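> what follows is a predicted protein model with its sequence.
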Amino acid sequence: MSRYTKSCGVLLFITGAAKLVSVTSSSAVLDTADPIFSVKFRYFFLFTGFLELAVALVCFSRLNACIKSAVLAWLSTMIALYRAGTIITPYKLPCPCLGTLTDAIGLNPTVADEIMIGVAIYILIGSYIAIWRLYGKNSIP
C-alpha cells in the first residue's frame, strides 16, 4: 500500500467520521438545505460520511492499486463537480464539509473550507497521477 493511498484513507476517515459525529448534534446548519440536492445537510452528511468511510476502507484494503486509485479518482471527481456546482448557486457560505467539528475545535469555517478544498485537490490530482503511473505513458494512445 502506498503512502499516498494511506494518507487518503486517513483523510477520508477523519472527514467521514467528523460528518457522522456531526449529524447527532443540534447545530442549525444541519437543518438547512444543501444547495445542490436540496436535502438537509444532516442527511447529506449521513450519506457522504458513510461514503467517505467506505472509500477509506478501500484505501486500507488488499485491493490492487488500480482499483484504489480509480475509487479515489471517482470520489474526488464527484467532490470537485459538487463544489463547482455550488459556485453557480446563490449559496455563498463556506462549505460545512466537516460538519460541526469546526465549532468543537474552534476552527474558523472559512479556514476549514479552504483546508477541505486543499484535501480534495490533493486526492483528485494524486489519484489521477497514480492512474497515469499505473497504466504507464506508453499505454495511452
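It's in.

> for the rest of this, base every contact and every neighbour count on C-alpha atoms.
Noted.

> check the offset of the lowest-mean-pLDDT helix or strand in the chain from the chain's centre.
Lowest on mean pLDDT, DSSP states H and E among the helices and strands of the chain sits helix 101-105, with a mean of 74. Chain-centre distance of helix 101-105: 18 Å, with C-alpha atoms, centre = their mean, to the nearest Å.

> please apply the same query to stretch 54-61.
A distance of 13 Å separates the C-alpha centroid of stretch 54-61 from that of its chain, computed with C-alpha atoms, centre = their mean.

> return the set of buried residues in it.
Buried residues in stretch 54-61, defined by neighbour count with 16 or more other C-alpha atoms under 10 Å: Val55, Ala56, Leu57, Val58, Cys59, Phe60.

> coming back round to it: so what touches the least confident helix or strand of the chain?
Helix 101-105 is contacted from outside by Ala18, Ser22, Asn108, Pro109, Ala112, using C-alpha atoms under 8 Å, 6 or more residues apart in numbering.

> swap the cut-off to 10 Å and go again
The contact list for helix 101-105, computed with C-alpha atoms under 10 Å, 6 or more residues apart in numbering, reads 15, 17-19, 21-22, 27, 96, 107-113.

> which members of those occur in helices, if any?
Thr15, Ala17, Ala18, Lys19, Val21, Ser22, Pro109, Thr110, Val111, Ala112, Asp113 (DSSP state H).

> just the buried residues of these.
Among the ones in helices among the contacts of helix 101-105, those classed as buried by 16+ other C-alpha under 10 Å are Thr15, Ala17, Ala18, Lys19, Val21, Ser22, Pro109, Ala112, Asp113.

> okay, now the unreliable bits of this protein?
1, 99-100, 137-141 (pLDDT under 70).

> take stretch 62-71, keep the C-alpha atoms, and write them as PDB.
What follows is stretch 62-71, C-alpha atoms only, in PDB (Å, rounded to 0.1, in the frame of the first residue of the first chain):
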ATOM      1  CA  ARG A  62      -5.800  -5.500   0.000                       C
ATOM      2  CA  LEU A  63      -7.400  -4.500  -3.300                       C
ATOM      3  CA  ASN A  64      -5.000  -3.700  -6.100                       C
ATOM      4  CA  ALA A  65      -3.600  -0.200  -6.600                       C
ATOM      5  CA  CYS A  66      -5.600   0.300  -9.800                       C
ATOM      6  CA  ILE A  67      -8.900  -0.200  -8.100                       C
ATOM      7  CA  LYS A  68      -7.900   2.000  -5.100                       C
ATOM      8  CA  SER A  69      -6.800   4.800  -7.500                       C
ATOM      9  CA  ALA A  70     -10.000   4.500  -9.600                       C
ATOM     10  CA  VAL A  71     -12.200   4.700  -6.500                       C
END
